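> Turn this into a model:
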Amino acid sequence: EIILLPGQAALLDDIESDVLAAIAGTGGGKALDIETSIPTLKGWVDMKMIKVGDTVFDSDGKPTQVYYVSPIYLGRTCYKVCFDDGTFLIADAAHLWRTQTFSGRKNWFRQKYFVVDTKTIAETLIGQGGRLEYSIPISLPVEYEEKDLLVPPYTFGVWLGDGSSGDAIIYSADPEVMESVCEEGVLVSPGVVRPNQGKALSYRIGGGGHTRNSLGQYSANSSIVSSLKNMGVYKNKCIPGEYLESSIEQRTQLLMGLMDTDGYCAEDGGCEFTTINRLLVDGVRELISSLGIKNTLRQKIARIYGKDCGIVYLIHFTTDKPVFKLKRKHERQRTKCRSVVNNRYIISVEQMPSRPVKCIAVSNAKGTYLAGRDYIPTHNTMLGYWWLHNRMEMYPGHTWLVAEPTYNLLSKVIIESSDPNRPSLFEYLDMV
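Numbering: from 1, shown residues only. Next up, the predicted model:
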């Protein structure tokens with residue numbers, strides 16, 4: 001259920017006038033910083049470049065089409081909206097958010113969502129007793145299309161975690177992990193004992209070996225090494241875009257490979273991924289977020305026998321979604337989680353210098369779309385359409401005049417006469 005703001009509710013309830021006009025710019029306000037990255041079906045696009053016809057994603061992770069974009073607005077009052085997982089978005093004062101309040105979160109039978117603008121959130125952020133008043137739900141896994149990947153996703157995740165940066169070799173003390181690599185159809189050589197590797201064995205994956213051209217020079221072939229070079233990750237471990245924007249199943253397999261190697265599951269079910277590679281940690285956070293999992297990042301100085309060994313990054317999350325194949329880790333995962341892991345809590349709303357902003361309107365029923373590399377759900381209400389539909393249901397048989405700047409926008413107002421003997425609005429337009 002959506003609870004409207006007082007002014008919106010008053011408009012919906014106004015039945016006194018014979019002639020009533022609701023005049024507002026489509027998408028007026030409700031804008032985000034134009035530098036905000038927006039996930040689309042074709043990859044990441046800055047808000048300033050989003051155009052009508054682009055396919056973005058709604059809060060359920062499903063593709064949704066953009067059918068209106070605003071001009072770029074200047075001079076708007078802007079705020080930095082910060083969440084408890086360290087993420088943030090920059091929005092103007094009128095931008096809308098589909099939120100839950102403290103009371104709604106605590107009472108299952110009263111769980112309602114309120115559409116609230118940024119300015120109102122800033123003014124009422126802290127409730128009684130110093131509690132955080134507003135939260136927004138974590139999105140469901142984003143439904144990118146399946147991709148044709150050069151290296152199978154689980155195998156690639158294992159290589160990122162425990163592989164040689166400059167070779168198709170994986171170091172592992174878990175035969176179960178290598179069995180899972182084999183299940184993806186990857187050739188795995190027998191494990192070899194190497195000096196200073198402890199219990200881990202060295203496994204060469206993919207076969208193929210080296211090939212030379214007619215001049216005796218090494219040349220590309222179908223080996224894993226050639227694939228890693230083509231992907232740009234050879235001696236440069238990171239997650240390419242085609243993996244971050246692959247199907248849910250492919251991304252899940254990639255995360256499992258990463259977690260089976262450099263991941264950990266505590267006895268309480270909390271999961272953690274650890275790496276010293278900043279580029280990799282950014283990709284892993286984006287990957288986890290795209291699967292609808294709230295996560296946080298912290299860093300510390302790694303020390304061995306008191307010696308400073310540099311920064312180590314730790315991504316922490318709790319989820320009931322399977323993120324391990326390795327049995328001993330998978331068995332520790334929770335099967336149920338508290339609601340806190342499915343919500344982002346707004347912890348601060350800080351006014352900041354004005355930035356150019358822009359808003360879009362999307363075709364899904366909730367009016368939501370995802371924004372930022374952390375896939376944060378945000379909202380764009382088209383109140384006029386709700387109001388007009390409500391009035392037409394209340395007063396069947398009346399004549400209504402609808403004005404929009406373009407026919408495409410008008411066609412999104414899905415309104416037909418309630419009298420079956422009369423043509424619909426669009427049939428009248430087709431007659432003109």
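> Okay, now the unreliable bits of this protein?
Counting by pLDDT under 70, the chain has low-confidence residues at 1-29, 107-111, 207-222, 381-395, 398-432.
> Tell me where the longest helix sits in it.
helix 248-262 (DSSP state H).
> In it, which of the residues would be classed as buried?
Buried residues in helix 248-262, counted by 16 or more other C-beta atoms under 10 Å: 248, 250-262. Yep, even glycine has a C-beta here, placed from its N, CA and C like the rest.
> can you check stretch 292-300 too?
Residues of stretch 292-300 classed as buried: Gly292, Ile293, Lys294, Asn295, Leu297 (neighbour count, 16+ other C-beta under 10 Å).
> which one of the residues you listed sits closest to Ser164?
Nearest to Ser164 among the buried residues of stretch 292-300 is Leu297, at 26.0 Å by C-beta to C-beta.
> what is the closest one paired to in the beta sheet?
Going by DSSP bridges, Leu297 is paired in beta bridges with Ile315.
> isn't it right up against Val312?
No: with contact defined as C-beta atoms under 8 Å, Leu297 does not count as touching Val312 (11.4 Å).
> Quick check on the residue positioned nearest the centre of the chain: phi, psi?
For the chain, Tyr375 is the residue whose C-alpha lies nearest the centre (C-alpha atoms, centre = their mean; 2.4 Å). Dihedral pair for Tyr375: phi 60, psi 60, per degrees, to the nearest 10.
> Within the helices and strands, which one has Arg328?
Taking DSSP states H and E as the criterion, Arg328 maps to helix 327-330.
> packing partners for the longest helix of the chain?
Helices and strands touching helix 248-262, by 3 or more C-beta pairs under 8 Å, 6 or more residues apart in numbering; DSSP states H and E, are helix 153-162, helix 175-183, helix 241-244, strand 271-275, helix 278-290.
> again, 7 Å this time
helix 153-162, strand 271-275, helix 278-290 (3 or more C-beta pairs under 7 Å, 6 or more residues apart in numbering; DSSP states H and E).
> so what strands line up beside the shortest one?
Sheet partners assigned to strand 271-275 using DSSP bridges are listed as strand 263-265 (antiparallel), strand 307-317 (antiparallel).
> Of those, which is nearest Thr77?
Closest of those to Thr77 is strand 307-317, at 34.1 Å (criterion: C-beta to C-beta).
> Can you show me the helices along this protein?
Along the chain, the segments classed as helices by DSSP H run 6-13, 102-106, 118-123, 153-162, 175-183, 224-231, 241-244, 248-262, 278-290, 327-330, 383-394, 407-411, 425-431.
> before we move on, back to that, could you pull out the residues contacting both of Leu297 and Val312?
Taking C-beta atoms under 7 Å, 6 or more residues apart in numbering as the contact rule, Leu297 and Val312 have no neighbour in common.
> ok, Ile301 touching Lys307?
No: Ile301 is beyond contact range of Lys307, at 10.2 Å (criterion: C-beta atoms under 7 Å).
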